[in-house]
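*Asks:* next come a sequence and a model predicted from it.
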Amino acid sequence: MTALAMLVLAVIAGSARQVPSARADSEVPLRVAAVGDIACKDPPKQNRSVCQYDDVADTIAAGDYDKLLVLGDVQYEYGEYRNFVENYDVYWGRFLPITAPAAGNHDWGTEGAAGYFRYFGDLAPGPWYSFELSDGWHVVVLDSTLCRAGGAECGPGSEQYEWLEADLAASDAECTIAMWHHPRWAWFKYQKADWTQDYELRRSSPLYKVAYRGGVDLLLAGHDHNYSRWMPADPTGAYDPDRGITQFISGAGGRNLNGFGNFHTQPEIFVRGQSKAFGFVELSLFPGRWESSWVSAEGQPRYLDEAAGDCH
C-alpha cells in the first residue's frame with residue numbers, strides 16, 4: 001500500500017472516531033436544580049448549622065439554571081404567608097420565573113396551606129399538577145403530605161392516585177420525573193422502628209406504585225435534611241435496573257442538616273449520601289437520558305457524587 005493510500009485511510013478512520021464526540025458535543029442539556037427544606041422563619045446566618053438558605057440560593061443563581069424544582073417544606077415553621085414574604089422571597093423570589101414547587105408538611109402548617117398557595121399563585125395550581133419540562137421530559141408534582149400515615153389517603157380510588165394514573169397514561173414523553181416531599185426510601189436513625197416505617201416511608205407508597213407502573217424514571221424528594229442517591233428500585237424496594245425508579249433526596253436547602261442512621265440499618269439500595277453540607281441536586285436532562293451531580297453551597301464542605309442513566 002502506498003504512503004498516500006495509508007494517509008487517506010488514516011484520515012477516514014480518524015474522522016469516523018470523531019463522529020460520536022461531535023454528536024455528544026452538539027447536545028445541549030436542560031439544566032435543573034432540585035432542593036427542598038429551605039427557609040427558616042428567621043433571617044439566615046443564625047449559626048453555622050442552621051439557616052443557610054441564602055448561600056444555597058446564591059449558588060443556584062451563579063449556576064444559571066433553566067428550572068428550579070422545589071421539593072417541599074419551602075418555608076418554616078408553619079408556611080405562613082408573612083414568613084414566605086419576609087424570608088423565602090428575599091433570597092429565592094428571584095427564581096420564581098423558573099420555579100415549580102411541591103408542598104411539604106411544614107407548608108401545610110397553616111390551614112389549607114394558605115400561605116404556600118397564596119405566595120406561589122399560578123405556579124402551584126393545586127396540590128398536584130404536571131407539566132412538560134422540555135421535549136421528551138414530563139414532570140408530575142404530587143403532595144405526599146396529604147397521603148397521611150401509611151399512605152391511607154392516597155390509595156386506589158383517591159383523587160390524587162386516580163389523577164396520577166390518568167396523567168401518566170396520557171403522557172407520551174420518553175422520560176418522566178416525579179417530585180414530592182416525603183421520600184419512599186430513607187436511612188433514618190430508627191430505620192426499623194414501626195413508627196418510622198408506617199408514618200414516613202409508607203406515606204408515598206401508593207403513589208410510588210403508580211409511578212413505577214407508569215414508567216417514571218426519577219423521583220425527587222426532600223424531608224430528610226441531607227442528600228442521598230438510591231438504586232433504581234421497584235415498589236418492594238428491590239433493585240430493578242430495567243424499570244426501577246432512581247430516587248434522590250435533596251433536603252439540604254438551608255434549614256438545618258440531619259445525619260443518617262447506624263451502619264447496620266443502611267438499606268441495601270442506598271448508594272451514596274452526605275449530611276455535612278447544604279446544597280442541591282443538579283440534573284442535566286438530555287433526550288432519553290440524564291446526568292446528576294451534587295452541588296455544595298458556597299462555603300460548605302465539598303462532596304462529589306455524580307451519576308447518569310437512560311430513560312425507560
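*Replies:* Sure thing, it's come through. Numbering: from 1, shown residues only.
*Asks:* could you give the number of residues near residue 309?
*Replies:* 15 (other Cβ atoms under 10 Å). In short, each C-beta sits where N, CA and C put it, glycine included.
*Asks:* which residues does it bridge with?
*Replies:* Under DSSP bridges, the beta-bridge partners of residue 309 are residue 290.
*Asks:* for residue 244, see how far away it is.
*Replies:* Using Cβ to Cβ, to the nearest Å, we find residue 309 at a distance of 10 Å from residue 244.
*Asks:* what sits in contact with each of the two?
*Replies:* Residues touching both residue 309 and residue 244 (Cβ atoms under 8 Å, 6 or more residues apart in numbering) are residue 232.
*Asks:* pull out the buried residues from stretch 93-108.
*Replies:* Judged by neighbour count (16 or more other Cβ atoms under 10 Å), stretch 93-108 contains these buried residues: 95, 99-108.
*Asks:* over to stretch 114-131?
*Replies:* 115-120, 124, 127-130.
*Asks:* strands along the stretch 151-300 of the chain, start to end?
*Replies:* Using DSSP state E, counting those that start in this stretch, the strands of the stretch 151-300 of the chain run over 175-179, 218-221, 227-230, 246-250, 270-274, 279-286, 289-296.
*Asks:* alpha carbons of the second one, as PDB, please.
*Replies:* What follows is the C-alpha trace of strand 218-221 in PDB, where atoms were taken according to Å, rounded to 0.1, in the frame of the first residue of the first chain:
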ATOM      1  CA  LEU A 218     -36.600   9.700  38.600                       C
ATOM      2  CA  LEU A 219     -38.100  10.600  42.000                       C
ATOM      3  CA  LEU A 220     -37.000  13.800  43.700                       C
ATOM      4  CA  ALA A 221     -37.900  14.200  47.400                       C
END
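*Asks:* redo the strands of the stretch 151-300 of the chain as TSV? Include mean neighbour count, mean pLDDT and distance to residue 88.
*Replies:* Formatted as TSV, the strands of the stretch 151-300 of the chain follow (neighbours: other Cβ atoms under 10 Å; pLDDT from 0 to 100; distance: least, Cβ to Cβ, whole Å):
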stretch	mean neighbour count	mean pLDDT	distance to residue 88
strand 175-179	26	98	18
strand 218-221	27	99	19
strand 227-230	24	98	20
strand 246-250	26	98	17
strand 270-274	17	97	24
strand 279-286	23	98	15
strand 289-296	20	98	20
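*Asks:* I'd like to know which of those is closest to residue 237.
*Replies:* Comparing the strands of the stretch 151-300 of the chain against residue 237 with Cβ to Cβ, the closest turns out to be strand 227-230 (9.4 Å).
*Asks:* got the contact list for that closest one?
*Replies:* Applying Cβ under 8 Å, 6+ apart, the contact partners of strand 227-230 are 185-187, 246-252, 260, 267, 269-275, 277, 279, 281, 292, 294, 303, 305, 307.
*Asks:* against residue 152, how distant is the residue nearest the centre of the chain?
*Replies:* Among the residues of the chain, residue 220 comes closest to the average C-alpha position under Cα atoms, centre = their mean, at 2.6 Å. Noted for residue 220: a distance of 23 Å to residue 152, by Cβ to Cβ.
*Asks:* sorry, back to before: among the buried residues of stretch 114-131, which are in strands?
*Replies:* Using DSSP state E, 129-130 are the members of the buried residues of stretch 114-131 that sit in strands.
*Asks:* just curious, which of the buried residues of stretch 114-131 is nearest to residue 145?
*Replies:* Nearest to residue 145 among the buried residues of stretch 114-131, counting by Cβ to Cβ, is residue 127 at 8.4 Å.
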